[in-house]
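>>> Next input, structure requested:
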Amino acid sequence: MLESCRNAQERWGGVHQLIDRWLTERHELIEAFSSLTSQDADDTTTTPLQFCQILVDYVSAGHFEVYEQLIKEAESFNDQRALELAKQIYPRLEAITSQALKFNDRVDNGDLREHGLTTALAIMGQQLHERFELEDCLIEVLHNAHRDQAMAEKA
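Numbers count the residues shown, from 1 in each chain. Now for the predicted structure:
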């Protein structure tokens, strides 16, 4: 996961400040996840509650800032292909967000104990990996496709 995050930052870093900040938050989320799922539990520097805070911040930024901005950009360029892709991907992103929020609630309520936490984290890790791939696809199609056009319009 961490490697794909680095690749995304290399591809899109510096293109748009909002995306840059969000990719940095993604990196922090991955580091927190890795710390929490570390084989050596004594070296874990992240608690489940800390991970959940980072997780909720990340998914919220996606839904309330980044996705909205990407859609607006595609609309401004009347990019029907990109808008159709977003329409196909967005329901899956919403489903993963819902699962992340349920995970957060379970941690907050103390429903996950040591054994339950390990299983829930494994599932959350798979969902986050899928989410990152879907988000990268949205960034590629909804943002990068218009980068040259946007720069030409500014010139």
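>>> Leaving out sequence neighbours, find the closest residue to Leu117.
Excluding the flanking residues, the one nearest Leu117 by CB to CB, 6 or more residues apart in numbering is Pro48, at 6.3 Å. All C-beta spots, glycine's among them, are computed from the backbone N, C-alpha and C.
>>> What's the local residue count around the one you found?
Pro48 is flanked by 21 other residues according to other CB atoms under 10 Å.
>>> and it, what does it touch?
Pro48 makes contacts with 36, 107, 112, 117, as judged by CB atoms under 8 Å, 6 or more residues apart in numbering.
>>> pLDDT score for it?
As summarised for this prediction, Pro48 has a pLDDT of 91.
>>> do the same with the one 4 residues further on
With respect to pLDDT, Cys52 scores 96.
>>> what does the one 10 residues further on give?
You'll see Gly62 listed with a pLDDT of 92.
>>> Can you tell me how far the residue nearest to Gly125 when sequence neighbours are not counted is from Val141?
Across the structure, with CB to CB, 6+ apart as the measure, the residue nearest Gly125 apart from its sequence neighbours is Phe33 (6.3 Å). Distance of Phe33 to Val141, given as CB to CB, to the nearest Å: 26 Å.
>>> swap in Met124?
Spatial separation of Met124 from Val141 under the definition CB to CB is 26 Å.
>>> before we move on, what about Asn78?
When CB to CB is applied, the distance between Asn78 and Val141 equals 14 Å.
>>> cool, and Asp79?
Per CB to CB, Asp79 is found 8 Å from Val141.
>>> Of Met124 and Val141, which one has the most company?
Neighbour totals were compared for Met124 and Val141, and Met124 leads with 24 against 20 (other CB under 10 Å).
>>> Identify the residues contacting the more buried one.
For Met124, the contact set (CB under 8 Å, 6+ apart) comprises 33, 55, 99-100, 103.
>>> got a pLDDT number for it?
96.
>>> which one of the contacts of Met124 is nearest Gln17?
Minimum distance to Gln17 across the contacts of Met124 is 22.4 Å, recorded for Leu55 (CB to CB).
>>> ok so, going back, please work out how many residues are found near the residue nearest to Gly125.
Around Phe33 sit 20 other residues, with neighbours defined as other CB under 10 Å.
>>> what does Glu75 give?
Using other CB under 10 Å, Glu75 has 14 other residues around it.
>>> secondary structure class for the nearest residue to it once chain neighbours are set aside?
The shortest distance from Glu75 to any residue other than its chain neighbours is 6.8 Å, reached at Leu83 (CB to CB, 6+ apart). At Leu83, secondary structure determined by DSSP: H, G, I helix; E, B strand; the rest coil is helix.
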